[in-house]
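S.K.: attaching a predicted model along with its sequence, questions to come.
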Amino acid sequence: MRRGSVIAAVCGVAGMLLLSGCGGAPGIVPEPRGEASIVDEMVCADPLGEAEGSATAGTVPAGFAPVAVYRCGSFATRELDGGAVWSGTLVERFEGDLAPLLSALDAPSDPRWFGACAANMVIAPDLWAEDAAGRFVRLSYPSTGCSQPKLDAVDEQLARLVVADEVFTPLSIFSTPEAVAAGCETRASVTVLNVLTSDLETPRAAPADEGSGESVATIPYDPPALPAAADVEGMRVCVYASDTTQGGVRMIGDEGIFAGVLQLDAADAAAALAEVSGAAEVSAHCPEVASRFVVAQPLGARSGAEGFTVELDGCRRVVDPAFRTLAASEMLISLMTPS
C-alpha cells in the first residue's frame, strides 16, 4: 500500500480575492519542527493520525541512530487462505541506506500560503524509526504551504529501500470466492429505515430563503417498488450470518457475512413477492439482532428489479425496496430459509 489520500478538488478563497487556482501568495516561514520523543514501543496511529501513548512526532533526535523505518498502512488488502480478501492494517519494516529518506523527512516545511488552498485532507502513513537498542521515534513530515504533508519525496526514498518484513492484521473481510461465484455481495446489513411512502410521494414546500417569503416545492418522487410476479423468472436469495467468526475475527452486529445462496423458481418467487406485498408495516425499532438474514434478488427479463431483505430470526422483519419495515410472515420465512 502506498498511501491513503482523500482529496476534494475545491478551492477556498482568502478574503475577497478570487484566485484562479489553489495557489496563493507566499507567507511566513514556519517554525522548525521539534525533535521526536524516544519511546520503548511503537504504536501505529489511527487513519486520522492520532497515536496512542505519549510519543511526540518530530525529526530524528540527536544521538538516535535509526537502523530501520516502519510504515503503518491503514487501508491495505490481502488475499488470505481460502482465497478470501481482507482489508486491514499493514506494518512494513524498511532497511537499507536510510540517510536519503531521513534527509527528505528532515527537509524544512514550505512557507505558509496566505492565498487559497485546496479543500482537502491528505492522510499520510504513520512513520517510525527504530535504533539498534529497540527504541522508537515517531517521524513527522515536512508540510506544504497549505499545511499538507509532503509525501512524494518521502515515498520516492521509501521505494529505494528493502522491505525486510511486513505484518498484515485482518480487520474486515472484503470478498470471498464463494460469494462472488454465487452472484452475491460478501457483506450485507439489515438496514432498518422506516421511511414513510407518503413522505416520498407527497410534494412539500420548503422556505427558499429565511425571511424572503418565497418557497420551493420538492419534486414528487416515486419510491422503488417490488416487481410484478409476471416479470420475474426466479429469485436469488443470498444468505448472511451476522454472528459468526471469519478468519479468527468475530463478526457481531447488524452486518452479516455471506453464508450461502438459495435459488427460487418462478412459482416460489411469485409467492415470496405476494407475501411481501401483503405484509403489514411495523416499527423499525427492535432490540433483537438477527443472527441470520437474507437479501432476495428477483431474476428475470425486467432489468434492475428491486429486491428486499428478510430477518430469519430476531425481530423477523422485512425491509422492502421503499425501505419500509414490514412483518415477515411464516410463509415468507419458510421460503427464505435454507433447508
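M.R.: Looks like it arrived, so ask away.
S.K.: how about the strands in the stretch 1-150 of the chain?
M.R.: For the stretch 1-150 of the chain, applying DSSP state E, counting those that start in this stretch gives strands covering 4-6, 38-39, 66-79, 85-95, 121-123, 126-131, 136-139.
S.K.: comparing those strands, which comes out most buried?
M.R.: Per-stretch averages of neighbours, counted by mean count of other CB atoms under 10 Å, single out strand 136-139 among these, with a mean of 24. Every C-beta, even on glycine, is put in place using the N, C-alpha and C of the backbone.
S.K.: per-residue confidence averaged over the next helix or strand after that strand?
M.R.: Along the chain past strand 136-139, the next helix or strand (assigned with DSSP states H and E) turns out to be helix 152-158. In this model, helix 152-158 has an average pLDDT of 94.
S.K.: in helix 152-158, which residues are buried?
M.R.: Using 16 or more other CB atoms under 10 Å as the test for burial, helix 152-158 gives 153-155, 157-158.
S.K.: what do you get for stretch 114-123?
M.R.: With burial defined by 16+ other CB under 10 Å, the residues of stretch 114-123 counted as buried are 115-118, 122-123.
S.K.: dump the residues you listed into a markdown table; add pLDDT and distance to Val239 as well.
M.R.: As requested, the buried residues of stretch 114-123 are exported to a markdown table (pLDDT from 0 to 100; distance: CB to CB, whole Å):
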| residue | pLDDT | distance to Val239 |
| --- | --- | --- |
| Gly115 | 80 | 56 |
| Ala116 | 83 | 52 |
| Cys117 | 85 | 49 |
| Ala118 | 79 | 45 |
| Val122 | 79 | 41 |
| Ile123 | 81 | 36 |
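S.K.: what's the closest of the residues you listed to Leu105?
M.R.: Nearest to Leu105, judged by CB to CB, of the buried residues of stretch 114-123 is Val122 at 15.7 Å.
S.K.: my read is that the closest one contacts Lys150, right?
M.R.: No - counting by CB atoms under 8 Å, Val122 sits too far from Lys150 to count as a contact (9.5 Å).
S.K.: what strands flank the helix or strand where Asp165 lies, and is each parallel or antiparallel?
M.R.: Counting by DSSP H and E, the secondary-structure element that holds Asp165 is strand 162-175. Strand pairing for strand 162-175, using DSSP bridges, gives strand 85-95 (antiparallel).
S.K.: send the alpha carbons of the partner strand over as CSV?
M.R.: Below are the C-alpha coordinates for strand 85-95, written out as CSV (Å, rounded to 0.1, in the frame of the first residue of the first chain):
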residue,chain,number,x,y,z
VAL,A,85,-9.7,-10.9,0.5
TRP,A,86,-9.5,-9.0,3.8
SER,A,87,-8.9,-5.3,4.5
GLY,A,88,-6.8,-4.3,7.5
THR,A,89,-3.6,-2.8,8.6
LEU,A,90,-0.1,-3.4,7.2
VAL,A,91,3.1,-2.6,9.0
GLU,A,92,6.2,-2.7,6.8
ARG,A,93,9.8,-2.7,8.0
PHE,A,94,12.3,-0.9,5.7
GLU,A,95,16.0,-1.4,5.8
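S.K.: what sits up against it?
M.R.: By CB atoms under 8 Å, 6 or more residues apart in numbering, the residues outside strand 85-95 that reach it are 1, 44, 67-80, 101, 158, 161-176, 247.
S.K.: how does it look with 6 Å?
M.R.: Applying CB atoms under 6 Å, 6 or more residues apart in numbering, the external contacts of strand 85-95 come out as 1, 68-74, 76-80, 161-175.
S.K.: look up the residues forming beta bridges with Phe94.
M.R.: Partner residues in beta bridges with Phe94: Val69, Val163, with DSSP bridges as the criterion.
S.K.: show me the helices in this protein, by range?
M.R.: 99-106, 152-158, 177-182, 197-201, 266-277, 330-336 (DSSP state H).
S.K.: weakest of those helices in terms of mean pLDDT?
M.R.: In terms of mean pLDDT, the lowest-scoring of the helices of the chain is helix 197-201 (a mean of 39).
S.K.: picking up where we left off before, which one of the strands of the stretch 1-150 of the chain lies nearest to Arg324?
M.R.: Comparing the strands of the stretch 1-150 of the chain against Arg324 with CB to CB, the closest turns out to be strand 85-95 (32.3 Å).
S.K.: outline the domain layout of this protein.
M.R.: The chain is divided into the following domains under automatic domain parsing: 32-111+123-171, 176-336.
S.K.: ranking the ones you listed by mean pLDDT, which is last?
M.R.: Note on the domains of the chain: lowest mean pLDDT is at domain 176-336, with a mean of 79.
S.K.: straight-line length of that one, end to end?
M.R.: Across domain 176-336, the straight-line distance between its terminal residues is 22 Å, by CA to CA, to the nearest Å.
S.K.: format the helices of the chain as TSV; extra columns: distance to Arg138.
M.R.: Converted to TSV, the helices of the chain look like this (distance: least, CB to CB, whole Å):
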stretch	distance to Arg138
helix 99-106	11
helix 152-158	14
helix 177-182	39
helix 197-201	50
helix 266-277	54
helix 330-336	51
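S.K.: for Glu31, find the nearest of those helices.
M.R.: Taking CB to CB as the measure, the helices of the chain were each checked against Glu31, and helix 99-106 came out nearest at 14.6 Å.
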